[in-house]
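J.: Turn this into a structure:
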Amino acid sequence: MADSPWDEIREKFQTALALSRVELHKNPEKEPYKSKYSARALLEEVKALLGPAPEDEDERPQADDSLGAGEHALGLPAELVEAEGPVAQGAVRRAVIEFHLGVNHIDTEELSAGEEHLVKCLRLLRKYRLSHDCVSLYIQAQNNLGILWSEREEIETAQAYLESSEALYNQYMKEIGSPPLDPTEHFLPEEEKLPEQERSKRTT
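T.: The predicted model follows:
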């Protein structure tokens, strides 16, 4: 039983991750996505508990969000801005949820909704994308968008996302180099976060 709102958020998030990993054949034959839908409902509950991210108040779509164009796709260097303080941490945790909602919708063949959530993830993380806490999540979101666009046979857009992702990874490894935080760690207590060796395995 959760003792606080944060405990409740963590429990719901971990349960959602577990449901997301359930293999399709283990669901009822007539409801192959049952566990995915259950995970989605929990992720939406976590999103509501987290409250609106600051960016929600003044969101202006950017070219690089929807099309993979702009500085990210061109591979121009990102500036290092650490995700410190309650405003930044709130945006990052919200981005983690948007990422998992995006993957969830893609897994259930709802590609447009999946794209929308992944783009939202990128938008929330844009400022912090080179930081130790956010780079892995940003790269994973871009990679998933690259795969999504390749499945639509929009090869140029897919390539833009994938090349941007690779450029960010290379910049991070060159300038910082330490194993980045795994996206799931944003909802773990400090004592349960991964050791650097495990992070290295997940990065490579």
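
J.: From now on I want contacts and neighbour counts done on CA atoms only, so please keep to that.
T.: OK.

J.: residues touching the nearest residue to Leu80 once chain neighbours are set aside, list them.
T.: Nearest non-adjacent residue to Leu80, counting by Cα to Cα, 6 or more residues apart in numbering: Leu130, 5.3 Å away. Leu130 makes contact with 78-81, 168, 172 under the criterion Cα atoms under 8 Å, 6 or more residues apart in numbering.

J.: How is Leu130 assigned, secondary-structure-wise?
T.: coil (DSSP: H, G, I helix; E, B strand; the rest coil).

J.: now swap in Asn104 and tell me
T.: Secondary structure state of Asn104, per three-state DSSP, is helix.

J.: separation between it and Ile139?
T.: 17 Å (Cα to Cα, to the nearest Å).

J.: of the contacts of Leu130, buried ones?
T.: Neighbour-count burial (16 or more other Cα atoms under 10 Å) applied to the contacts of Leu130 gives 78, 168, 172.

J.: export these to a markdown table and tack on distance to Arg152?
T.: Formatted as a markdown table, the buried ones among the contacts of Leu130 follow (distance: Cα to Cα, whole Å):
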| residue | distance to Arg152 |
| --- | --- |
| Ala78 | 28 |
| Leu168 | 24 |
| Tyr172 | 30 |
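
J.: Mind telling me which residue is nearest the centre of the chain?
T.: Phe99 (3.2 Å; Cα atoms, centre = their mean).

J.: Which secondary structure element is home to it?
T.: helix 85-107 (DSSP states H and E).

J.: Check what contacts that helix and list those residues.
T.: The list of residues contacting helix 85-107 from outside it, by Cα under 8 Å, 6+ apart, reads 20, 36, 40, 43, 46-47, 50, 53-55, 83, 111, 113-118, 120-122, 124-125, 134, 137, 141, 144, 183-184, 186-187.

J.: tell me how far it is from the chain's mean position?
T.: 5 Å (Cα atoms, centre = their mean, to the nearest Å).

J.: Stretch 147-154 too?
T.: 19 Å.

J.: which parts of it are buried?
T.: 147-149.

J.: ranges for the strands of the chain?
T.: Counting by DSSP state E, the chain has no strands to list.

J.: lowest confidence element among the helices and strands of it?
T.: Every helix and strand of the chain was ranked by mean pLDDT, DSSP states H and E. The lowest is helix 71-74, at a mean of 43.

J.: returning to that earlier point: only the buried subset of the contacts of helix 85-107, as a ChimeraX command please.
T.: Buried residues within the contacts of helix 85-107, by 16+ other Cα under 10 Å, are selected in ChimeraX with:
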select :20,36,40,43,46,47,50,53,83,111,113,114,115,116,117,118,120,121,122,124,125,134,137,141,144,183,184,186,187
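
J.: Could you list which of the contacts of helix 85-107 belong to helices?
T.: Among the contacts of helix 85-107, the members falling in helices (DSSP state H) are 20, 36, 40, 43, 46-47, 50, 111, 113-118, 120-122, 124-125, 137, 141, 144.

J.: Tyr37 and Thr15, how far apart?
T.: Counting by Cα to Cα, the gap from Tyr37 to Thr15 is 12 Å.

J.: swap in Leu111?
T.: 24 Å.

J.: if we can go back for a sec, from the contacts of Leu130, which is closest to Glu29?
T.: Closest approach between the contacts of Leu130 and Glu29, by Cα to Cα: Leu168, at 41.6 Å.
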